[in-house]
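**Student:** fold the stuff below for me.
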Amino acid sequence: MTSETVLWMFPALLALIILGIPIAFSMMLVALGFGFMRFGDIVILQFAQRVDEVATNYVLGAIPLFIFMGAILERAGIAERLFDALYMWTRRLPGGLAIAALLMCTIFAAASGVVGATETLVGMLAIPAMLKRKYNHSLISGTVCGGGSLGTVIPPSIPVIVLAPIAALPVGDLLAGILVPGMLMSTMFMLYILIACALKPSLAPGETEPDPRSFAEKMSFTLSALVPPMVLIATVLGTLFTGLATPTEAAACGSFGVLILALFYRRLTFRMLLAASLQTVSLTAMILAIVLAGSLFSGVFFASGGMMAVRGILDSFGLEAWSVVALLLGITFVLGFALDLISIVLIMMSIAVPILALYGVDPLWFAIIFLVTLQTSYLTPPMAPSIFYLRAIAPSEITLTQMYWGVIPFICCQVIVLALVILFPALATWMPRFIYG
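**Tutor:** Presented below is the predicted three-dimensional model:
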């Protein structure tokens with residue numbers, strides 16, 4: 001098998017996915033087929049070594065712990081109190097309920113790192129409240145989808161944990177690097193809602209009745225609702241950024257902390273713990289199966305001379321570093337229509353890292369703009385996964401067309417953030433240098 005032949009792995013993978021075969025199994029089958037063609041029976045031994053590498057990867061141990069955190073947060077009643085507390089302060093602002101929902105998404109993205117869980121949880125709380133107050137359906141859709149997608153670019157993020165070892169980057173550097181773009185994106189989302197609803201009040205009718213609670217009562221309720229999850233976030237991110245704990249150890253601290261919170265709110269029951277554990281096992285098995293499949297796929301691709309074939313194609317077109325970066329980001333964006341986030345990370349970063357090293361591109365900076373691009377594709381119709389999550393929890397009165405129109409302003413905000421990080425790389429590299437020197 002020649003190095004050019006190995007490029008057919010990608011069309012073969014796409015064909016299997018179109019046929020309806022799960023992504024993990026598709027990657028495994030393609031890797032097995034092309035591996036036999038190139039190496040014969042010895043590919044089985046190579047696959048066994050890859051299984052051992054994934055199974056003993058200490059960093060990946062953080063994945064089930066972060067998923068467990070999200071599952072407990074979803075069931076412990078913490079979200080309802082926090083949402084009420086946030087809305088209590090934003091209710092007089094234009095689009096105050098939508099702004100509260102985005103604040104919720106930001107906080108829970110920083111607490112759990114699980115994208116789908118954040119969107120589902122906040123959507124189930126915010127959608128009925130916004131419908132009751134006659135909010136525009138497109139605004140509702142864009143708010144929930146845009147806010148839910150923040151889990152990709154606000155640490156701790158599971159795609160970041162998977163990406164770090166592939167890019168040979170410290171997880172702490174990558175989490176610190178994505179923090180500024182993530183918070184910038186969240187801020188831009190809220191500014192858009194504030195400006196749009198101020199210019200067109202019919203998008204989000206304002207509250208007419210004053211809050212009967214006194215300032216002291218508001219502060220007391222806010223502190224009781226906000227402080228515990230913020231302590232949890234500070235524990236996870238603080239121990240990560242200061243170097244006191246590895247990602248897995250920080251996730252373990254967070255898992256223990258969320259159990260304490262559930263106990264504090266008197267929601268910790270055996271039934272709830274069992275449901276959260278089963279959800280954790282299910283999601284972890286799915287993610288790690290994709291990680292393993294991606295490892296097998298990339299292993300066969302590299303060992304068969306795939307990188308030489310890709311470099312030969314790039315050289316034949318005479319592409320410069322910027323052109324290569326643009327090409328890789330464009331492919332990433334298109335793959336977001338068909339593949340899940342973890343699969344794209346495994347496939348694209350495995351190819352991109354060695355190529356970009358030849359062109360002298362900063363891997364940390366590229367990893368950040370890669371994640372922002374990935375989040376943008378996650379939100380972009382027609383195959384936007386965020387819209388599929390919303391469709392599962394939204395009532396029938398919110399149509400698919402309204403969802404598509406609703407996400408467009410938020411996509412524009414993401415594109416602006418992407419352009420800023422590309423033009424000003426310090427937005428991605430300043431925080432890691434500030435923290436770690």
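
**Student:** looks like residue 410 contacts residue 189 (just checking).
**Tutor:** Yes. Counting by CB atoms under 8 Å, residue 189 is a contact partner of residue 410 at 6.0 Å. No exception for glycine: its C-beta is placed from N, CA and C like everyone else's.

**Student:** the stretch 1-150 of the chain: helices as residue ranges?
**Tutor:** Counting by DSSP state H, counting those that start in this stretch, one finds helices in the stretch 1-150 of the chain at the ranges 9-18, 23-39, 42-55, 62-75, 78-90, 96-112, 115-132, 137-148.

**Student:** now for the last one, which elements pack on it?
**Tutor:** Of the remaining helices and strands, those touching helix 137-148 by 3 or more CB pairs under 8 Å, 6 or more residues apart in numbering; DSSP states H and E are helix 96-112, helix 115-132, helix 171-199, helix 385-393, helix 400-423.

**Student:** name the residues contacting each of residue 410 and residue 189.
**Tutor:** Residues within reach of residue 410 and of residue 189 at once, by CB atoms under 8 Å, 6 or more residues apart in numbering, are 143, 146.

**Student:** thinking again about what came up before, out of the helices of the stretch 1-150 of the chain, nearest to residue 309?
**Tutor:** The closest of those to residue 309 is helix 9-18. By CB to CB, the value is 10.5 Å.

**Student:** next, the buried residues of that closest one.
**Tutor:** By neighbour count on 16 or more other CB atoms under 10 Å, the buried set for helix 9-18 is 9, 10, 13, 16, 17.

**Student:** next: stretch 429-437.
**Tutor:** Burial within stretch 429-437, assessed by neighbour count using 16+ other CB under 10 Å, is assigned to 429, 431, 432, 435.

**Student:** the second one contacts residue 176, correct?
**Tutor:** Yes. The pair formed by residue 431 and residue 176 meets the contact definition of CB under 8 Å, at 4.4 Å.

**Student:** which one is residue 101 nearest to, not counting chain neighbours?
**Tutor:** Using CB to CB, 6 or more residues apart in numbering and skipping the chain neighbours, the partner closest in space to residue 101 is residue 126 (3.9 Å).

**Student:** neighbours around the one you found, how many?
**Tutor:** Residues lying near residue 126 (other CB atoms under 10 Å) number 24.

**Student:** just residue 325 next, same as before
**Tutor:** By other CB under 10 Å, 21 other residues sit near residue 325.

**Student:** which regions of this protein sit below the pLDDT cut-off?
**Tutor:** In the prediction, the chain carries residues with pLDDT under 70 at positions 1-4, 111-117, 207-211, 307, 310-311, 314-318, 337-340, 382-383, 436-437.

**Student:** the longest helix in it is where?
**Tutor:** Longest helix in the chain, counting residues (DSSP state H): helix 270-303.

**Student:** could you say what helices and strands that one packs with?
**Tutor:** Here helix 270-303 touches helix 9-18, helix 23-39, helix 42-55, helix 62-75, helix 158-167, helix 341-359, going by 3+ CB pairs under 8 Å, 6+ apart.

**Student:** relative orientation of that helix and helix 23-39 in degrees?
**Tutor:** Orientation check (axes from the mean of the first three to the mean of the last three CA atoms, to 10 degrees): helix 270-303 against helix 23-39 gives 30 degrees.

**Student:** dihedrals phi and psi, residue 331?
**Tutor:** phi -60, psi -40 (degrees, to the nearest 10).

**Student:** give me the most central residue, this protein.
**Tutor:** Computing the C-alpha centroid of the chain and ranking residues by CA atoms, centre = their mean puts residue 152 first, at 2.0 Å.

**Student:** for that one, which non-adjacent residue is closest in space?
**Tutor:** Nearest one to residue 152, counting by CB to CB, 6+ apart, is residue 375 at 4.1 Å.

**Student:** element containing that neighbour?
**Tutor:** Using DSSP states H and E, residue 375 falls within helix 363-379.

**Student:** and the angle for that helix with helix 400-423?
**Tutor:** If you take the same axes, to 10 degrees, helix 363-379 sits at 170 degrees to helix 400-423.

**Student:** next, the buried residues of helix 363-379.
**Tutor:** Neighbour counts using 16+ other CB under 10 Å place 363-379 of helix 363-379 among the buried residues.

**Student:** same check, this time on stretch 37-56
**Tutor:** Those would be 38, 39, 43, 46, 47, 50, 54, for stretch 37-56 by 16+ other CB under 10 Å.
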